[in-house]
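>>> got a predicted structure here, sequence first:
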Amino acid sequence: MNFQLSPVLPPLKVLVVNPLSPAGRLVIIKIMSGTVFGSNQLIDLILLVYSNEKPSAKEYKVELKSSAFSCMNSVEISSDLPSFSDADVFCFITNFSNPNRMDFENIDTDTFDELYLIIKIANSLIKPVPKPEPVENPVVFKKKGVKVFPKLRKPIIFSDGLVAMDILMTLSQNVLLSSCKNPYGCIYKASNFAKSLQTIWSARSSGDGIKVYCNLGVISDGSLGTIKGYPCVLPLVFVEDNWTVNKRFEETPHLQLEIKRINKAVKDHHLKMIPYCKKFIEDNIINQAFIPDDESGSTYALSEKSSLTTV
């Protein structure tokens, strides 16, 4: 009889923003079932919800626990604004009709709520000093003498579109890493979200310098003629917890023309969005002008007694 053991890794803290949305639920299922981070990776799941969503979140927590997912270690519900030290992976799932471009002339209630949440979170994020997680009793397998110790982890900031990524990068205090896909529709969005996150994690978990190639939206480093600091979908090469841009087609005339067109579109959108978001902060967060009346259609609306430390 041959028994093969694989070490159970220290729990990974995964924080999901907007977890009660259809896409959020589908992404969580893929994460907890081991599709994204592997079947031997335990997950400490954090559901970030508005205060008035806690009853629904508690019901969803019971549903998750009753499902007995193999990777589940714990499930926590929070309405506190997160910092980088609160999780290893941050998943931002929005309900924007177009996650890559915002129509500033038609901001409906759902879009307003999403903006309020993302902007408020972005203002609370501060780059931490990375520290290894303490393990009193490391996992030891006597047959092979394998010991599992935690590694220094650089947080992964992952969103479902360029709009959320641009806001997080511009308004937060030094976001470490931000990547996204280009999904529409909850099933397609969840599928691509999980697949892209799995791609990033596969490069990290291999630990032997294996290169992973994919196209993802990131905050540009200026490669291929793109504008540095602006969101753009680029061909990336991941090695462990770092990424670089694949410059194989850098001299292609067609690519150079497309980059000029993309730069103009990205710059125009960025220059409209950031002033809009800053005014949004002043009107609805700093001055707390967003105090809905009883007839407000917003399900995420904060009350007059809401604290700046909660969502």
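Yes, it's here. Residues are numbered from 1 along each chain as shown.

>>> what sits against residue 73?
Residue 73 makes contacts with 11, 42-44, as judged by Cβ atoms under 8 Å, 6 or more residues apart in numbering. For every residue, glycine as well, the C-beta is placed using N, CA and C.

>>> doesn't it fall inside a strand?
Yes - counting by DSSP: H, G, I helix; E, B strand; the rest coil, residue 73 is part of a strand.

>>> tell me the spacing between it and residue 54.
The span separating residue 73 from residue 54 equals 21 Å under the rule Cβ to Cβ, to the nearest Å.

>>> ditto for residue 43
Distance from residue 43 to residue 54, counting by Cβ to Cβ: 21 Å.

>>> out of these two, which sits in the more crowded spot?
The neighbour count for residue 43 versus residue 54, taken as other Cβ atoms under 10 Å, is higher for residue 43 (25 against 15).

>>> host element of that one?
Secondary structure assigned from DSSP states H and E places residue 43 in strand 41-48.

>>> what angle sits between whichever helix or strand comes after that strand and strand 41-48?
Per DSSP H and E, strand 41-48 leads on to helix 54-67 as the next helix or strand towards the C-terminus. Regarding helix 54-67 and strand 41-48, their directions subtend 160 degrees when assessed with axes from the mean of the first three to the mean of the last three Cα atoms, to 10 degrees.

>>> so what's the gap between helix 54-67 and the chain middle?
Using Cα atoms, centre = their mean, to the nearest Å, the mean C-alpha position of helix 54-67 is found 21 Å from that of the whole chain.

>>> which elements pack onto that helix?
Judged by 3 or more Cβ pairs under 8 Å, 6 or more residues apart in numbering; DSSP states H and E, the packing partners of helix 54-67 are helix 22-32, strand 41-48, strand 72-78.

>>> the protein: strands as residue ranges?
Remark: strands of the chain, listed N- to C-terminal, are 9-17, 41-48, 72-78, 89-92, 139-141, 146-148, 156-159, 178-180, 211-219, 231-239, 242-245; assignment by DSSP state E.

>>> re the thing from before, dump the helices and strands packed on helix 54-67 to JSON lines, plus distance to residue 282 and mean pLDDT.
As requested, those are arranged in JSON lines below (distance: least, Cβ to Cβ, whole Å; pLDDT from 0 to 100):
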{"stretch": "helix 22-32", "distance to residue 282": "29", "mean pLDDT": "92"}
{"stretch": "strand 41-48", "distance to residue 282": "24", "mean pLDDT": "94"}
{"stretch": "strand 72-78", "distance to residue 282": "26", "mean pLDDT": "93"}
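
>>> out of these, nearest to residue 246?
For the helices and strands packed on helix 54-67, proximity to residue 246 was assessed by Cβ to Cβ; helix 22-32 is nearest, at 26.6 Å.

>>> ok so, going back, give me the contacts around the strand holding residue 43.
Contacts of strand 41-48 from elsewhere in the structure, counted by Cβ under 8 Å, 6+ apart, are 8-20, 28, 31-32, 34, 37, 57, 60-61, 64, 71-79, 82, 86-87, 121, 205, 311.

>>> quick one: buried ones out of those?
If you count burial by 16 or more other Cβ atoms under 10 Å, the buried members of those come out as 9-20, 28, 31-32, 34, 37, 57, 60-61, 64, 71-73, 75, 77-79, 82, 86-87, 121, 311.

>>> now the longest helix anywhere in the chain: mean pLDDT?
Using DSSP state H, we find that the single longest helix of the chain is helix 253-281. This predicted structure assigns helix 253-281 an average pLDDT of 87.
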